[in-house]
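Enquirer: Turn this into a model:
(one chain, ligands or ions: 1)
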Amino acid sequence: MRTRILTASAAAVSTVAVIAVLAVPGSDAAATKTVEVDDFHFSPASVTVKRNTTVKWIWVGKAEHDVEVVKGPKDFHSKVMTTGSYTKKFTKKGTYRIDCSIHSSIMKMVVKVK
Ligand SMILES: [Cu+2]
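Expert: Numbering: from 1, shown residues only. Next up is the predicted model:
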């Protein structure tokens, strides 16, 4: 009886330990930063992230917008959309100047990758 109880609690402890390890993200775990694409601004308009962070833009406005790099270490350009999201992993350090190409005079943001 005593042996059975000890075995059961040992199993419970190791189960808890496994769950704890799985629940704690490693330091290199993929981080995601969210930016809202609104009418007619990005929110936040400036983000600073570590290299290999994924930035996820989520369309929350009603008008058509896109996400394009105007100047930066790498170029990318989303489709023009009114809903949905666009994700990009930033693998190169540097400053990315981004705008919505439709409203480029007012709709800008900066992603700094360190
Ligand atoms: Cu726009």
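
Enquirer: how far away is the residue positioned nearest the centre of the chain from T82?
Expert: The centroid of the chain falls nearest to T32 when counting by C-alpha atoms, centre = their mean (2.3 Å). For T32, the distance to T82 (C-beta to C-beta, to the nearest Å) stands at 22 Å. All C-beta atoms are positioned from the backbone trio N, CA, C, and that covers glycine.

Enquirer: try R97
Expert: 24 Å.

Enquirer: Point out where the protein drops to low pLDDT.
Expert: 1-29 (pLDDT under 70).

Enquirer: Please, where are all the strands along it?
Expert: Ranges of strands in the chain, per DSSP state E, are 32-38, 41-43, 46-49, 53-59, 68-71, 85-90, 94-99, 108-113.

Enquirer: Check which helices and strands the first one is in contact with.
Expert: If I follow you right, that is strand 32-38. On a contact count with 3 or more C-beta pairs under 8 Å, 6 or more residues apart in numbering; DSSP states H and E, strand 32-38 meets strand 41-43, strand 46-49, strand 53-59.

Enquirer: Figure out which of these is closest to the ion.
Expert: strand 41-43 (8.7 Å; C-beta to the ion).

Enquirer: May I see the helices and strands packed on strand 32-38 arranged in CSV, with mean neighbour count and distance to the ion as well?
Expert: Below are the helices and strands packed on strand 32-38 laid out as CSV (neighbours: other C-beta atoms under 10 Å; distance: least, C-beta to the ion, whole Å):
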stretch, mean neighbour count, distance to the ion
strand 41-43, 17, 9
strand 46-49, 15, 17
strand 53-59, 18, 10
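
Enquirer: That concludes my questions; thank you for your assistance.
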